[in-house]
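Engineer: okay, predicted coordinates and the sequence, questions at the end:
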Amino acid sequence: MKKGEDYTGIAVVYLYHDGKGNVLLAKRSNNARDEQGRWDISGGGVEFGDTIENTLRKEIKEEYCTDVSDYQFLGYRDVHREHDGGKTHWIALDFKVLINKEKAKIGELHKFDALEWFTLKNLPSPVHSQFPNFLEKYKDKLP
């Protein structure tokens, strides 16, 4: 059985920031599960028995080779999409995460082609299909 497809999956989703108005986005590679070539925030599924905070810290260390300086829980979203012709359903636990701008680098080279800092007023294109929903929901809480 696959989470998100056969049953509702739970994921932590996070927007990195540097505390100075910049946010970190990754460009999804051709090897990414879906939405290749799109700029995205990050996330990871919560494994059975793991905690939300541990999942957040572990995913950030794996994907971007850095530690969490601070984080803020923003809220949750029901994410309904289609993947490979089938419907998916995830509960996204959304966070804003402060990291050291100098230490972040791509830790999973097979998933990402680029990693760059932007301001929310100067975002790249195209972005992941769920990113505009994230931005709209949390616009008053983002850097």
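Structural biologist: Structure received. None of these values were measured; they are calculated from a predicted model. Residues are numbered from 1 along each chain as shown.

Engineer: for this protein, just list every one of the helices.
Structural biologist: Remark: helices assigned in the chain by DSSP state H are 52-64, 131-138.

Engineer: nearest to Pro124, of these?
Structural biologist: helix 131-138 (10.5 Å; CB to CB). (Glycine included, C-beta is placed from N, CA and C.)

Engineer: rewinding a little: make CSV from the helices of the chain and add mean pLDDT and mean neighbour count to it.
Structural biologist: Formatted as CSV, those follow (pLDDT from 0 to 100; neighbours: other CB atoms under 10 Å):
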stretch, mean pLDDT, mean neighbour count
helix 52-64, 95, 18
helix 131-138, 97, 15
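
Engineer: for the residue nearest to the spatial centre of the chain, which residues make a bridge with it?
Structural biologist: Using CA atoms, centre = their mean, the residue of the chain that lies closest to the mean C-alpha position is Ser42, 1.7 Å off. For Ser42, the beta-bridge partners under DSSP bridges are Tyr14.

Engineer: generate JSON lines for the helices of the chain, with distance to Ile106 as supplementary columns.
Structural biologist: Formatted as JSON lines, those follow (distance: least, CB to CB, whole Å):
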{"stretch": "helix 52-64", "distance to Ile106": "7"}
{"stretch": "helix 131-138", "distance to Ile106": "19"}
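
Engineer: out of those, flag the one nearest Lys20.
Structural biologist: The closest of the helices of the chain to Lys20 is helix 52-64. By CB to CB, the value is 17.5 Å.

Engineer: with adjacent residues omitted, what lies nearest to Glu59?
Structural biologist: Using CB to CB, 6 or more residues apart in numbering and skipping residues adjacent in sequence, the residue nearest Glu59 is Gly44, 3.6 Å away.

Engineer: and the gap between the one you found and Asp50?
Structural biologist: Using CB to CB, to the nearest Å, Gly44 is found at 10 Å from Asp50.

Engineer: neighbour count for those two, which is higher?
Structural biologist: Using other CB atoms under 10 Å as the criterion, Gly44 and Asp50 rank with Gly44 on top: 16 against 11.
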